[in-house]
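Trainee: below: sequence and its predicted model.
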Amino acid sequence: MKAIMIMFDSLNRHMLPPYGCEDIEAPNFKRLQDRTVTFDQSWVGSMPCMPARHDLHTGRYNFLHRGWGPMEPYDNSMPEILKENNVYTHLVTDHQHYWEDGGYNYHTRYNSFEFFRGQEGDTWKGEVFQEDPPILGGNELESVNKHDWVNRKYIKEKEDFPQAFTFNNGLDFIKKNNNEDDWFLQIETFDPHEPFYAPEEFRAKYAHEYNGPHFDWPSYRNVVETEEQVEHAGLEYKALVSMCDHYLGKVLDMMEEYNLWEDTMLIVNTDHGFLLGEHDWWGKCVQPFYNEVARTPLFIWDPRSGKQGTRSDKLVQLIDLAPTLLDFFNVEIPKEMLGTPLRDTIAENKETHEAVLYGIYGGHVNCTDGRYVYMRAPVSEENTPLYSYTLFPVRLRRFFNLEEIKTATLTEPFSFSKGAPLMKMETKSDYDVDFHRYSTMLFDIKKDPEQKEPINDPEIEKKMINLLVQLMKENDAPTEQYERLGLSIPENSLNPPLESNARQ
């Protein structure tokens, strides 16, 4: 048996033909829909990039205990578990966050890996003098912007782009190993993550008259640009999606060429979406997480059932993919993984979760049952109490500061830390966001899919609070998280005993 995962970053569900978008050129996503089960209730878990990948590896939420960070010594890692069970695992990626302080040890969980440079201000090409780029446009990441402008000097033709290198080398792996058995290949591209820089071949598909300033990298804030600029950025994003579609098609072609459909699982997914001016906001880390960010595309082909061209309306998340892949290779699922193996959901549309959680460390804690979305905001302006639990005090591109580390104490083990105590430190959210821009909100996404009108229904809110608290307890949320959200702490909430394989 073999498995291929194609993982995009910031791929918007509502921009794809299988989810109703007709004004984008993406024929290979239509092909994909015909060959797989398309999931209509796929949701984010931990936000954003590396917390999502932590969910993917460990099969459980990251965001209740810490923010952006590396794998911990006690963490289960799906590719490492496969490796230990004689399934060869290979990562091919242009996702530069794997090589920063907060994500440096994910790639070493695989048997082998390849990395292609140049995405989003990756510190790749060395130039002492870096001119001010025309892409700052309100983006606060000035040094990253400058380095991206340097990198673009070396990325001109289609085959120069990191995505092209990523897919072409993924295809090379398939060519070399298609007759071998027991391997897992993860082809992971940073696109269509911002900046929305695509080859002219794909930009030409969305040719339009534009007279504004250079603008393909919106900052995570409210929209202050003109309607023309917003439309322009959206079309630049679509060009990147069409590029993603192009290379997806090459993998589908190779699936056909080598008849991999017979014995190879195919998963096509993303970590989260992106606001392109909807709700008058840009980005993915601003609160609250509307469905443009929180509801994701997911496609799976499982050769065991052979289900294709069908849809599933069951709740799924990234935490489900680790147990799904372990189950596919007949490898035991660790009891710390709380995700659900999707074999029966793919085959028979079997129920998965009654509800799911999602959020970002220190932000709203959100819960959905597929009909209602409940966004629980912090109750205090200070957003306290808030602690990080970790053995690796690093975040995105830097260490925790010394003032945070000086507050460290050693805690009792959590249910997932395998007897290891953790450092507990007073910290703030990784992102400087005004969480009180919106308070707690409740939406009926069946009646209001665009989430324009929050509802006030005490009975439904009570039901959603109960689901939220139940899931926080199952995930061994620290007791102060309940206090931060203004919730009653349930009995036995700290380190509840795990029910082995309860999801099965």
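Mentor: Noted; the coordinates are in hand. For clarity, every value in this text was computed on a predicted model and none was experimentally measured. Numbers count the residues shown, from 1 in each chain.

Trainee: so where's this protein shaky on pLDDT?
Mentor: For the chain, the stretches with pLDDT under 70 are 135-141, 432-437, 493-504.

Trainee: which stretches of it form helices?
Mentor: Under the criterion DSSP state H, the chain contains helices at 27-35, 49-58, 78-84, 142-152, 162-177, 200-203, 227-257, 291-294, 321-328, 343-348, 402-405, 458-474, 479-484.

Trainee: buried deepest among these, which one?
Mentor: Mean neighbour count (mean count of other Cβ atoms under 10 Å) peaks for helix 49-58 among these, with a mean of 26. From N, CA and C alone the C-beta is placed, and that goes for glycine too.

Trainee: between that helix and helix 321-328, how big is the angle?
Mentor: If you take axes from the mean of the first three to the mean of the last three Cα atoms, to 10 degrees, helix 49-58 sits at 30 degrees to helix 321-328.

Trainee: run the chain-centre distance for helix 49-58.
Mentor: 7 Å (Cα atoms, centre = their mean, to the nearest Å).

Trainee: so what touches it?
Mentor: Applying Cβ atoms under 8 Å, 6 or more residues apart in numbering, the contact partners of helix 49-58 are 9, 44-46, 61-63, 67-71, 75-80, 95, 97, 102-103, 106, 109, 271-272, 317-319, 321-322, 336-337, 360-361, 396, 416.

Trainee: can we see that at 6 Å?
Mentor: 45-46, 62-63, 68, 75-78, 97, 102-103, 106, 271, 318-319, 321 (Cβ atoms under 6 Å, 6 or more residues apart in numbering).

Trainee: in strands, which of these fall?
Mentor: Secondary structure from DSSP state E places residue 46 of the contacts of helix 49-58 in strands.

Trainee: in stretch 94-109, what's buried?
Mentor: Residues of stretch 94-109 classed as buried: 94-98, 100-104, 106-107, 109 (neighbour count, 16 or more other Cβ atoms under 10 Å).

Trainee: ok so, going back, of the helices of the chain, which approaches residue 127 most closely?
Mentor: Shortest separation from residue 127 across the helices of the chain is recorded for helix 142-152, at 5.1 Å, computed as Cβ to Cβ.

Trainee: now the angle from the closest one to helix 162-177?
Mentor: Using the same axes, to 10 degrees: helix 142-152 against helix 162-177 is 60 degrees.

Trainee: which strands and helices lie in contact with helix 142-152?
Mentor: Applying 3 or more Cβ pairs under 6 Å, 6 or more residues apart in numbering; DSSP states H and E, we find helix 142-152 packed against no helix or strand.

Trainee: just how off-centre is that helix within its chain?
Mentor: So, by Cα atoms, centre = their mean, the centroid of helix 142-152 is 24 Å from its chain's centroid.

Trainee: with stretch 12-21 instead?
Mentor: Put simply, stretch 12-21 sits 17 Å off its chain's centre (Cα atoms, centre = their mean).

Trainee: name the residues of it that are buried.
Mentor: Applying 16+ other Cβ under 10 Å to stretch 12-21 flags 12, 13, 14, 15, 16, 17, 18, 19, 21 as buried.

Trainee: CA atoms of it as PDB?
Mentor: What follows is stretch 12-21 as a C-alpha-only set of coordinates in PDB (Å, rounded to 0.1, in the frame of the first residue of the first chain):
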ATOM      1  CA  ASN A  12      -9.700  28.700  -0.100                       C
ATOM      2  CA  ARG A  13     -12.600  26.300  -0.400                       C
ATOM      3  CA  HIS A  14     -14.900  28.800  -1.900                       C
ATOM      4  CA  MET A  15     -12.400  29.400  -4.700                       C
ATOM      5  CA  LEU A  16     -12.700  25.900  -6.100                       C
ATOM      6  CA  PRO A  17     -15.100  24.500  -8.700                       C
ATOM      7  CA  PRO A  18     -16.000  21.400  -6.500                       C
ATOM      8  CA  TYR A  19     -17.300  23.900  -3.900                       C
ATOM      9  CA  GLY A  20     -19.300  26.000  -6.300                       C
ATOM     10  CA  CYS A  21     -16.800  28.500  -7.800                       C
END
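
Trainee: which residues touch it?
Mentor: 24, 26, 29, 30, 33, 38, 241, 273, 274, 295, 296, 297.

Trainee: so how far is residue 297 from the fourth one?
Mentor: For residue 30, the distance to residue 297 under the criterion Cβ to Cβ, to the nearest Å works out to 13 Å.

Trainee: repeat that for residue 330.
Mentor: Using Cβ to Cβ, one gets 28 Å for the distance from residue 330 to residue 297.

Trainee: who has more neighbours, these two?
Mentor: The neighbour comparison of residue 330 against residue 297 (other Cβ atoms under 10 Å) goes to residue 297, with 24 against 9.

Trainee: quick one, strands of the stretch 401-504 of the chain?
Mentor: 409-410, 423-426, 441-444 (DSSP state E, counting those that start in this stretch).

Trainee: redo those strands as TSV? Include mean neighbour count and distance to residue 187.
Mentor: Formatted as TSV, the strands of the stretch 401-504 of the chain follow (neighbours: other Cβ atoms under 10 Å; distance: least, Cβ to Cβ, whole Å):
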stretch	mean neighbour count	distance to residue 187
strand 409-410	10	40
strand 423-426	18	35
strand 441-444	19	35
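
Trainee: nothing else from me, thank you.
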